[in-house]
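# sequence-free structure coming up:
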């Protein structure tokens, strides 16, 4: 049941993730063609409203993105996943470094302002709901609680250290996130915009920023290429657990498995497509289908999945098995991990989870 909950969470996430990624794909062409040059806030809003308000265009981009993702996964681990990730990850990092360099060179003192914004804490603004959202983001960005990191881990060689790989992944993920902040927020501050604009920051604020700076047409297009690359690599990891399960347990060909899972994801994604236009009034608990799927997965399913995985690893797996898998040589470090996984991690997740839900629903 725990494994299935992770697969279902991945399917739900990809269903709306694909729609947002499709919007980013559409913006690549708009940015490179100069549509954003000199654009006003009202103009940027109109461009986004025209795209999101058109169910046919949104559906077309959602379909294109899902087809690209399914094609990669259908090619298998070596010819699909391995080759795509081997290309996408270095390309993603290089593009990100280019954008950080561009932001530093073109915004001057606003780059320092962005550094202060990112690294100067203000604990007075920290709430239970904020911590829950942050925890959901941490689970989301590290692919925890949805089976993706587990499936990738199963493809590693027997001698690979889970401990070292986990630490490396966490550090690399944090580094990339901070670099993304250093690439985006200087441009936001340079144009006097609101840094806490949420999803609108990508599709309404950033086009204005790129539309009013030198080289914005090229670097704006580069930014959305980067965004699509990041979404594509994540989408591959989201669809792989379900595809791998069908291949290994139901003796289904990888291509057929991808068609089944991809078709399911695409169909559920229609709810998100329509939530931006003809289905805006279809709400449950005051949330549209997109908002509900986002809240359900990031703030409920992933933290609960992580909680039960921690409980399973700490309380149900044999000590000899965890010692062998983790390959921690020093007993003191292993016992430290065991205390964390059995007591501290579950307790922390439960406290943050319950406090966040209480704040979110005003209890």
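Nice, I can see it. Since we're looking at a predicted model, the values are computed, not measured. Numbering: from 1, shown residues only.
# Could you find the residue nearest the spatial middle of this structure?
Residue closest to the average C-alpha location in the chain (Cα atoms, centre = their mean): residue 141, at 4.9 Å.
# residues contacting it?
By Cβ atoms under 8 Å, 6 or more residues apart in numbering, the residues touching residue 141 are 173, 177. From N, CA and C alone the C-beta is placed, and that goes for glycine too.
# so how far is residue 180 from it?
Per Cβ to Cβ, to the nearest Å, residue 141 is found 11 Å from residue 180.
# swap in residue 290?
In terms of Cβ to Cβ, residue 290 sits 22 Å off from residue 180.
# what about these two, which has more around it?
Using other Cβ atoms under 10 Å, the more surrounded residue of residue 290 and residue 180 is residue 290, with 22 against 16.
# Check what contacts the helix or strand harbouring the more buried one and list those residues.
Using DSSP states H and E, residue 290 sits in helix 289-296. Around helix 289-296, the neighbours that count as contacts under Cβ under 8 Å, 6+ apart are 12-13, 15-16, 19, 271-272, 274-276, 279, 282, 284-285, 287, 360.
# In helices only, show me the residues you listed.
12-13, 15-16, 19, 271-272, 274-275, 360 (DSSP state H).
# now, which of the residues you listed sits nearest residue 261?
Distance to residue 261 across the ones in helices among the contacts of helix 289-296 (Cβ to Cβ) is lowest for residue 15, with 11.0 Å.
# need the contact list for the closest one.
Applying Cβ under 8 Å, 6+ apart, the residues contacting residue 15 are 265-266, 268-269, 271-272, 293.
# next one: residue 62
Counting by Cβ under 8 Å, 6+ apart, residue 62 has contacts 18-19, 22, 266, 269, 272-273.
# Is it possible to get those out as a markdown table so that each row also shows pLDDT?
Below are the contacts of residue 62 laid out as a markdown table (pLDDT from 0 to 100):
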| residue | pLDDT |
| --- | --- |
| 18 | 95 |
| 19 | 95 |
| 22 | 95 |
| 266 | 96 |
| 269 | 95 |
| 272 | 92 |
| 273 | 95 |
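# Pull the number of nearby residues for residue 250.
Residues within reach of residue 250, counting by other Cβ under 10 Å, total 10.
# check which helix or strand covers the closest residue to it other than its chain neighbours.
Using Cβ to Cβ, 6 or more residues apart in numbering and skipping residues adjacent in sequence, the residue nearest residue 250 is residue 257, 8.0 Å away. Per DSSP H and E: residue 257 is located in helix 254-275.
# Quick one, which of the ones in helices among the contacts of helix 289-296 are buried?
Listed as buried from those are 12-13, 15-16, 19, 271-272, 274-275; burial here means 16 or more other Cβ atoms under 10 Å.
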